[in-house]
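# Sequence first, then the predicted structure:
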Amino acid sequence: MHFRRRAVVLLATLATLIGANLIASTPAQAATSCSGTVTHSQTFRGSDGSIIGELTIYYNSSNGGTNSACFYHRGASYGVAANTYVLIMRCSQRSGEGRTCTSTAQSSPQDGDFSYYAGPVGVTGTANYCVAAIGWITWRGVNYGKFDPLTRGC
């Protein structure tokens, strides 16, 4: 059941981006790490209210600005293998925190069974541009995380 929900979310997101011609033909990926200045961090709680994951976006000034993202396991999920996903996009917007991202480049997603975190994934050329990240953890059969590509770090 959780696989079907995840597949629908992925397909809907990709169809929206591709259908609107929002993905650039050449992604601006970078050798990245989960370090730098934190520009956005969001925690996610399981059904019992405890924190089980955290999506964090970082920035550094190399390569015309580089943003990276990691989705960390927290609390009870820390150290436990679970499907975890993360992707980051450079948006065309230069301002407007929290709006839907119009993607001009994106990282390759990192998706798999991880025990501590998924990522890092990154994009370059982000100085003076917003970014958006999507990430989640499948915990006890339910996906918890961020599924909508909203602008951050503007």
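Right, received. Where do you want to start?

# make it CA atoms for all contacts and neighbour counts henceforth
Noted.

# Tell me how many other residues crowd residue 47.
12 (other C-alpha atoms under 10 Å).

# And what about it, helix, strand or coil?
Counting by DSSP: H, G, I helix; E, B strand; the rest coil, the backbone at residue 47 sits in coil.

# and the residue sitting furthest away from the middle of the chain, what pLDDT?
What lies farthest from the middle of the chain is residue 48; by C-alpha atoms, centre = their mean that is 23.8 Å. pLDDT, residue 48: 94.

# wait, residue 90 sits on residue 104?
Yes. Here residue 90 reaches residue 104: they are 5.7 Å apart, a contact under C-alpha atoms under 8 Å.

# So for these two, which sits in the more crowded spot?
Comparing residue 90 with residue 104 by neighbour count (other C-alpha under 10 Å), the higher total belongs to residue 90, at 31 against 20.

# Work out for me the element that one sits within.
Secondary structure from DSSP states H and E places residue 90 in strand 82-91.

# That strand pairs with which strands, and in what direction?
Strand 82-91 sits in its sheet next to strand 103-106 (antiparallel), strand 110-114 (antiparallel), strand 131-139 (antiparallel), going by DSSP bridges.

# deepest of those, which one?
Highest mean neighbour count among the strands paired with strand 82-91 (mean count of other C-alpha atoms under 10 Å): strand 131-139, with a mean of 27.

# All set, thanks.
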